[in-house]
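**Student:** model this:
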Amino acid sequence: MSHGKQFTLYTHVGGPNGWKVAILLEELGLTYESIYLDFQKNEQKQSPHVDYNPNGRIPTLIDHKNGDFVLWESNAILLYLVDKYDTEKRFTVTDENQKHIVNQWLFFQASGQGPYFGQAFWFMFYHPEKVPSAVERYQKEAQRVFSVLDGVLAKSPSGWLVGDKLTIADLSFITWNRAAISTILKEFEGGEVEKKFPAFYAWHEKLNNRTAVKKLQDVQASLKK
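**Tutor:** Residues are numbered from 1 along each chain as shown. The predicted structure is shown next:
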């Protein structure tokens with residue numbers, strides 16, 4: 001298989017998890033081609049994507065320089081990329097205990113942030129019937145996740161989740177946080193996220209202002225036009 005770019009990333013224009021992987025690819029200076037699947041046509045559950053990813057969800061990454069190695073689940077992909085390609089340890093740690101703390105946050109993001117925020121979006125915008133109790137439940141869960149992050153970050157001298165540096169633990173939260181601030185909690189908190197969760201918001205803005213993140217925000221905006 002001959003490819004001009006090292007990676008193929010199966011993703012989606014609006015899906016936060018795919019953009020999370022793209023951010024790390026950009027940060028590491030790795031070349032990749034993004035294939036944006038059309039969920040309205042159910043392309044994520046059809047060939048060729050489902051041949052690589054039996055779960056039929058995005059993102060899916062193919063590493064053409066590693067024998068077309070295929071990996072899915074966004075945080076598993078982040079771990080793979082730093083383990084194999086972050087040779088300068090820019091986005092990971094070397095201390096054994098801190099490695100486990102990075103994993104802790106990746107699990108929290110995957111089990112706490114992503115599913116709850118995703119359910120909030122579903123019941124707010126896509127569920128065929130209005131279920132106010134479900135909307136309130138997941139809005140409150142989003143608020144709880146922000147509160148957890150805010151409390152930890154407020155005590156962090158560096159302003160990062162693990163040690164004194166930016167890691168994939170921080171990067172893993174960017175895209176879902178952005179979506180939640182602009183939609184889920186905008187109504188629920190009345191636009192008070194910055195005041196209610198100041199340490200969280202400062203961290204979020206620091207991440208949002210990274211060159212790679214801003215570049216991909218522009219790419220995403222252009223694709224949505």
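**Student:** tell me where the longest helix sits in the chain.
**Tutor:** The helix that spans the most residues within the chain, counting by DSSP state H, is helix 132-154.
**Student:** pull out the buried residues from it.
**Tutor:** 134-135, 138-139, 141-143, 145-146, 149-150, 153 (16 or more other Cβ atoms under 10 Å). Where C-beta positions appear, they are placed from N, C-alpha and C, glycine not excepted.
**Student:** can you pick out the most distant pair from the residues you listed?
**Tutor:** Spatial extent of the buried residues of helix 132-154 (Cβ to Cβ) is set by the pair Ala134 and Leu153 at 28.8 Å.
**Student:** remind me which residues of the chain are low pLDDT?
**Tutor:** Along the chain, segments meeting pLDDT under 70 span 1-2, 184-191.
**Student:** pop the domain breakdown of it in here.
**Tutor:** What automatic domain parsing lists as the domains of the chain is 7-88, 96-211.
**Student:** nearest to Lys225, out of the ones you listed?
**Tutor:** The minimum distance between Lys225 and the domains of the chain falls on domain 7-88, with 10.4 Å, by Cβ to Cβ.
**Student:** quick one: distance of the closest one to the chain centre.
**Tutor:** With Cα atoms, centre = their mean, to the nearest Å as the basis, domain 7-88 stands 12 Å off its chain's centre.
**Student:** picking up where we left off before, dump the domains of the chain into TSV; add distance to Leu223 as well.
**Tutor:** Below are the domains of the chain laid out as TSV (distance: least, Cβ to Cβ, whole Å):
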stretch	distance to Leu223
domain 7-88	5
domain 96-211	14
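**Student:** nearest to Val219, of these?
**Tutor:** If you check each of the domains of the chain against Val219 by Cβ to Cβ, domain 7-88 wins as the nearest, at 8.2 Å.
**Student:** how long is that closest one end to end?
**Tutor:** End-to-end distance for domain 7-88: 20 Å, by Cα to Cα, to the nearest Å.
**Student:** tell me how far the spatially closest residue to Pro16 that is not a sequence neighbour lies from Phe117.
**Tutor:** Nearest non-adjacent residue to Pro16, counting by Cβ to Cβ, 6 or more residues apart in numbering: Thr175, 3.6 Å away. To Phe117, Thr175 is 10 Å away according to Cβ to Cβ, to the nearest Å.
**Student:** what sits in contact with each of these two?
**Tutor:** Common neighbours of Thr175 and Phe117 (criterion: Cβ atoms under 8 Å, 6 or more residues apart in numbering): Pro16.
**Student:** now the closest residue to Lys99 other than its chain neighbours: phi and psi?
**Tutor:** Counting by Cβ to Cβ, 6+ apart, Lys99 lies nearest to Val93, which is 5.8 Å off, once chain neighbours are set aside. Val93 has phi and psi values of phi -130, psi 160 when expressed as degrees, to the nearest 10.
**Student:** what about Val93, how many neighbours?
**Tutor:** 20 (other Cβ atoms under 10 Å).
**Student:** check contacts around it.
**Tutor:** Taking Cβ under 8 Å, 6+ apart, we find Val93 in contact with 99, 102, 162-163, 165, 167.
**Student:** no further questions, thank you.
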